[in-house]
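*Asks:* got a sequence here, can you build the structure:
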Amino acid sequence: MKIWIDVLTPKQALFFNVISHWLKERGHDVFSTTRSGYGGFEIGSIIGYKLVVVGKHGLTPYEKLVESSKRIALLADIVKGERFDLSISFSSPECARVSYGMGVPHIMFSDSPHAVHASKLAVPLSKLLFTPWIIPKKYWTCYGIARENIVKYKCIDAAIWLKSWKFRDVRDELNLEKKITITIRMHEEYASYLLGGSKINVFEVLKNVVKEFQDKANIIVLARYPNQFYYIKQELDGKIILPEHAVEGPSLLKCSDAFIGFGGTMTHEAVLLGVPSVSLFPGKPTLIEDFLIKKGFVIRPKNPNHVIKVIRHFLNNRENRIMYEKKIKSFWKFMEDPKEKIVSKIESFGEKV
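*Replies:* The predicted model follows:
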């Protein structure tokens, strides 16, 4: 089969890099696209995943609408010249819309029913939806897909690429000193599901961490957007490590002793790598995050000061860290390798269309 995959985010680049390899191993032809302005292409370059850039990411609601419309037109021109048997995306509105308009069956992956805007646009136009077992089907059928078209796998998405990841030692690359390392991933500001939502004072948390651990730890801060980067650089230059370019997340987390994030992809990666994790996600936890919190893998602090107490708890108590790592190893054994389930289902679906 000739398959088109549309990649929108760094997480999706990591995820679909593996899925595309699985499909290519079975003899299928895979063509992958992405957009500029959100990091998918940059991560693809780091991991060797060839992505063709089509259009760009919009920040405000108006820009999202306009850039999405432009991207639909550009993708339609590409698809018109190809004969794809099916398309795959992680709830890409543009991929779903173009596929529907051009008569190409669309298969969707997602662990994020909380991404309401993208789900409303992509789920109804999808013939098949793959999702982790944690997410009840009712969270998807409300968007317009039949229960029988939802396929579950007993695995958290991050495990799909971490299982075969070739870790590098990035300590020299980042000039890390021989002391503990705390990695902080800054918050998402422009995702549709967060626009207009509650905000927490992330910078207050960051400054508290620097004040407490500056002399004891390497503090690595990963900014998402230029405005975050320049603000942090202005406020904390010389006190933290602030990479200017995309960093290979899994290898960085592998050498980290604690992680502070927002319940998303890097939080999931940190958990699976046995790194104690704090989530500052605003509002109600996502279904995946809620599962990890209940398992004791992720801690949600009550306030900025509580963050410091949580980090101290793990850094100063080796026994807690050992128990944490044992629980993670047990969780890895519990999860399945979804490769055969995913590929065979895609192939059987392709035979019917």
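*Asks:* hang on, residue 130 packs against residue 108?
*Replies:* Yes: judged on Cβ atoms under 8 Å, residue 130 makes contact with residue 108 at a distance of 7.2 Å. C-betas here are computed from N, CA, C, even on glycine.
*Asks:* who's more crowded, those two?
*Replies:* Ranked by neighbour count (other Cβ atoms under 10 Å), residue 130 and residue 108 place residue 108 first, with 27 against 23.
*Asks:* buried set for whichever helix or strand residue 210 is part of?
*Replies:* Applying DSSP states H and E as the criterion places residue 210 in helix 202-213. Using 16 or more other Cβ atoms under 10 Å as the test for burial, helix 202-213 gives 202, 203, 205, 206, 207, 208, 209, 210, 212, 213.
*Asks:* next helix or strand past it?
*Replies:* Next element after helix 202-213 (DSSP H and E): strand 217-222.
*Asks:* and the longest strand seen in the chain, what does it pack against?
*Replies:* Counting by DSSP state E, the longest strand found in the chain is strand 29-36. Applying 3 or more Cβ pairs under 8 Å, 6 or more residues apart in numbering; DSSP states H and E, one finds that strand 29-36 contacts strand 2-6, helix 10-25, helix 40-47, strand 52-56, helix 61-80.
*Asks:* who touches it?
*Replies:* Contact with strand 29-36 is made by 1-8, 13, 16, 20, 23-24, 40-41, 44, 49-57, 67, 71, 75, 78, 82, 84, as judged by Cβ atoms under 8 Å, 6 or more residues apart in numbering.
*Asks:* one more time with 6 Å, if that's ok
*Replies:* Outside strand 29-36, the residues within contact range by Cβ atoms under 6 Å, 6 or more residues apart in numbering are 2-7, 20, 23-24, 40-41, 51-57.
*Asks:* just the buried subset of the residues you listed, please.
*Replies:* Counted by 16+ other Cβ under 10 Å, these give 3-7, 20, 23, 40-41, 51, 54-55, 57 as buried.
*Asks:* mind putting the residues you listed in JSON lines, distance to residue 298 and pLDDT included?
*Replies:* Converted to JSON lines, the buried ones among the contacts of strand 29-36 look like this (distance: Cβ to Cβ, whole Å; pLDDT from 0 to 100):
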{"residue": "3", "distance to residue 298": "34", "pLDDT": "98"}
{"residue": "4", "distance to residue 298": "35", "pLDDT": "98"}
{"residue": "5", "distance to residue 298": "29", "pLDDT": "98"}
{"residue": "6", "distance to residue 298": "29", "pLDDT": "98"}
{"residue": "7", "distance to residue 298": "26", "pLDDT": "98"}
{"residue": "20", "distance to residue 298": "29", "pLDDT": "98"}
{"residue": "23", "distance to residue 298": "32", "pLDDT": "98"}
{"residue": "40", "distance to residue 298": "25", "pLDDT": "90"}
{"residue": "41", "distance to residue 298": "29", "pLDDT": "92"}
{"residue": "51", "distance to residue 298": "30", "pLDDT": "97"}
{"residue": "54", "distance to residue 298": "35", "pLDDT": "97"}
{"residue": "55", "distance to residue 298": "34", "pLDDT": "96"}
{"residue": "57", "distance to residue 298": "27", "pLDDT": "91"}
